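Participant: just need the structure, nothing else, for what follows:
(chains A and B)
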Number of protein chains: 2
Amino acid sequence: MKPYVLGIDIGGTNTVFGLVDARGKVIASSSIKTQKHAKFEDYLDELYTEATRLIEANDATDKVHGIGVGAPNANYYTGMIDDGVNLPWPTPIPLAQMFTEKFGIPTAVTNDANAAALGEMTYGAARGLKDFIMITLGTGVGSGIVINGQIVYGHDGFAGELGHMIVKRNNGRLCGCGRTGCLETYCSATGVARTAREFLEARNEPSLLRNLDIETITSKDVYDAAISGDKLANDVFTFTGTILGQALADMTVFSSPEAFIIFGGLAKSGDLLMRPLREAMDKNMLSIFKGKPKVLLSELKEADAAVLGASALGWEAK
Amino acid sequence: MKPYVLGIDIGGTNTVFGLVDARGKVIASSSIKTQKHAKFEDYLDELYTEATRLIEANDATDKVHGIGVGAPNANYYTGMIDDGVNLPWPTPIPLAQMFTEKFGIPTAVTNDANAAALGEMTYGAARGLKDFIMITLGTGVGSGIVINGQIVYGHDGFAGELGHMIVKRNNGRLCGCGRTGCLETYCSATGVARTAREFLEARNEPSLLRNLDIETITSKDVYDAAISGDKLANDVFTFTGTILGQALADMTVFSSPEAFIIFGGLAKSGDLLMRPLREAMDKNMLSIFKGKPKVLLSELKEADAAVLGASALGWEAK
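Facilitator: Predicted coordinates:
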């Protein structure tokens, strides 16, 4: 087998790509701006030029086994992006086919959260696990579900949208999906900021957060206030962790995973988030599963994670 | 391969067993009382005697490929019943091992709902489907989840307890599991009776159900009243179907199944249950899945279903 894979993460702002070896070492990586070209063909031309430069500079020409691409809503089965939320090009885009033809290297695609799960299973905290659920806490909440060592794609390739589990059936928060009460409206980074704004409006107590413009508060602001001992900011994390813990208990009755792997900015909040999360998960767990699923933090460096995750898929490409 | 399997369904009251051929025809079946013997060994002796009689009478000696057993809480991985709710014997019971030794035929075990899913996949409404979820509506709500053509057992063998999804986070009904708000407290046959009692107490309107002793009302009573045009009884089914439809929409974000297969007494309520169920499912479905998962009724005859389901597992036993 050829010794390298090329991992490509197409994000809303940047497209990061890297040459990865079988041990999960990122040999070299680079990026281009996703939004620069209005035509997908022009974007692909630039990406091809830059990635080829990277490959040649590392003496890897003809040594790349496959290309793995993580992109919003990319479908593993069809290789397509049918509806490219946050991407500047008209859809559908036959992503896998166009990459395969352009690079002359087999390419497989999936969405970002599934790529993260693959990366964690191949190189990270989920090595050796056959049944786990990856939860990515970013602007939204994504998930990648692994059962019997395989990503769950479902009948249509779109399974694993756990950020859109309904956690509040009545009077829930409006979600970008058009429904209300989705997990990601509470437990994403934006959800944390939203909770802080709600708490600031509903309560009268003093808080460090009152020194900030309420409309632009971020989850990082809430974190900073919380570690400074701010009560209200701490309550925001307790609220967030409790909802996430309840949701993880609910996911457990579905696939009884050995572990949940938590990834993304909020995962770095440490005990602020994890203590209430574990408490709520334990309190709400069906007795047969009590104490069983572990909650682990991602072991992938955040800078490398997206590329590593996508690259893991490159080993499967054919 | 030997042409028959023996399917055994161990229920709280009866143990039904049958000889089944590769086309899913129940050649012959019989039953014994589950509760008759305080010792599991004595129960197994009687079952062995009766099943052997059945096998010999049908000229099937040495023609049984495997035995499949469906039993409450039986674990496919370990072959054990660790905690036999509704069964009269001390646990744990090494079920698969004891059957294999007694009969001299390889035996595999699983819980009733997984057996039902296997039966449906092998012989029923799920033939040809690789991704579906079986929902059994009985005294409780059970589930068997199939992904990529395989039952989801999870890390510990106990996955697929969707009757214990929390559908009402606050002020939910007390469940036999000790928690509150589980799906099965609303959408089982007992849940339907419970809803009828709640509605009768909370409302003043006339209802045919007021002629009955409120404490002993069954889901069948509610059904009979509903098809006679009783408004309150109809509302009970609308309430039940709505909650189940919402839950099916939520399950879809997990594994994106091609179909849900509904089985059990309540499934025979027809449009009374299915119309509000489909409406709620559609209304609550994440847009990417809208209109995709089918809702099908079980195609197995109820009298045969448990034995057929268990028997399907017999083909896998080794």
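
Participant: where do the helices sit along the stretch 201-318 of chain A?
Facilitator: Taking DSSP state H, counting those that start in this stretch as the test, the helices found in the stretch 201-318 of chain A are A:219-227, A:231-255, A:271-284, A:302-314.

Participant: specify the stretch among the ones you listed that is closest to chain B.
Facilitator: helix A:231-255 (4.2 Å; C-beta to the nearest C-beta). C-beta coordinates here come from the backbone N, C-alpha and C atoms, glycine included.

Participant: now for the nearest residue to A:Gly7 once chain neighbours are set aside: which residues touch it?
Facilitator: Residue nearest to A:Gly7 in three dimensions, not counting chain neighbours: A:Ser311, with 2.7 Å by C-beta to C-beta, 6 or more residues apart in numbering or on different chains. Contacts for A:Ser311 (C-beta atoms under 8 Å, 6 or more residues apart in numbering or on different chains) come out as A:5-7, A:18, A:20, A:68, A:119.

Participant: among those residues, name the ones in strands.
Facilitator: Among the contacts of A:Ser311, DSSP state E puts A:5-7, A:18, A:20, A:68 in strands.

Participant: so how far is A:Gly18 from A:Phe99?
Facilitator: The gap separating A:Phe99 from A:Gly18 is 15 Å, by C-beta to C-beta, to the nearest Å.

Participant: now A:Ser269
Facilitator: 27 Å.

Participant: residue of the stretch 51-200 of chain A nearest chain B, please.
Facilitator: Nearest to chain B, among the residues of the stretch 51-200 of chain A, is A:Gly154, at 2.7 Å (C-beta to the nearest C-beta).

Participant: quick one: which of A:Ser269 and A:Gly18 has more around it?
Facilitator: With neighbours defined as other C-beta atoms under 10 Å in any protein chain shown, A:Ser269 and A:Gly18 compare such that A:Gly18 has more, 26 against 23.

Participant: could I get the CA-only coordinates of the helix or strand containing A:Thr52 as CSV?
Facilitator: Assessed by DSSP states H and E, A:Thr52 sits inside helix A:40-57. This file holds the C-alpha atoms of helix A:40-57, laid out as CSV (Å, rounded to 0.1, in the frame of the first residue of the first chain):
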residue,chain,number,x,y,z
PHE,A,40,-16.1,25.2,-7.8
GLU,A,41,-13.9,24.3,-10.7
ASP,A,42,-11.7,27.3,-10.0
TYR,A,43,-11.5,26.5,-6.3
LEU,A,44,-10.5,22.9,-7.2
ASP,A,45,-7.8,24.1,-9.6
GLU,A,46,-6.2,26.2,-6.9
LEU,A,47,-6.5,23.4,-4.3
TYR,A,48,-5.0,20.9,-6.8
THR,A,49,-2.1,23.3,-7.5
GLU,A,50,-1.4,23.9,-3.8
ALA,A,51,-1.8,20.2,-2.8
THR,A,52,0.4,19.0,-5.6
ARG,A,53,3.0,21.5,-4.6
LEU,A,54,2.8,20.1,-1.0
ILE,A,55,3.0,16.5,-2.3
GLU,A,56,6.0,17.2,-4.5
ALA,A,57,7.9,19.1,-1.8
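
Participant: gap between that helix and the chain center?
Facilitator: Chain-centre distance of helix A:40-57: 25 Å, with C-alpha atoms, centre = their mean, to the nearest Å.

Participant: please apply the same query to stretch A:128-143.
Facilitator: Centroid displacement of stretch A:128-143 relative to its chain, using C-alpha atoms, centre = their mean, is 7 Å.

Participant: next one, pLDDT for the residue of chain A most remote from its centre please.
Facilitator: Ranked by distance from the centre of chain A (C-alpha atoms, centre = their mean), the top residue is A:Asn204, with 35.5 Å. A:Asn204 carries a pLDDT score of 95 in this model.

Participant: near chain B, which residues of the stretch 1-150 of chain A?
Facilitator: When proximity is defined by C-beta under 8 Å from any C-beta of the partner chain, the stretch 1-150 of chain A lies next to chain B at A:73, A:83, A:130-131, A:145, A:147-148, A:150.

Participant: most neighbours of all these, which one?
Facilitator: A:Ile145 (28 neighbours).

Participant: how close does that one sit to A:Pro257?
Facilitator: Distance from A:Ile145 to A:Pro257, by C-beta to C-beta: 8 Å.

Participant: please enumerate the shared neighbours of those two.
Facilitator: A:Ile133.

Participant: which parts of the stretch 201-318 of chain A sit against chain B?
Facilitator: A:246, A:249-251, A:253-258, A:284, A:286-289, A:292-293.

Participant: which residue sits closest to A:Phe103, ignoring its sequence neighbours?
Facilitator: Leaving out its chain neighbours, the residue that sits closest to A:Phe103 by C-beta to C-beta, 6+ apart is A:Ile67, at 6.1 Å.

Participant: for A:Tyr43, see how far away that neighbour is.
Facilitator: Remark: distance between A:Ile67 and A:Tyr43 (C-beta to C-beta) = 15 Å.

Participant: looking at these two, which is more packed in?
Facilitator: Higher neighbour count among A:Ile67 and A:Tyr43: A:Ile67, with 26 against 22, using other C-beta under 10 Å.

Participant: who does that one form a beta bridge with?
Facilitator: A:Leu6, A:Thr107 (DSSP bridges).

Participant: for A:Ser31, see how far away it is.
Facilitator: For A:Ile67, the distance to A:Ser31 - C-beta to C-beta - is 16 Å.
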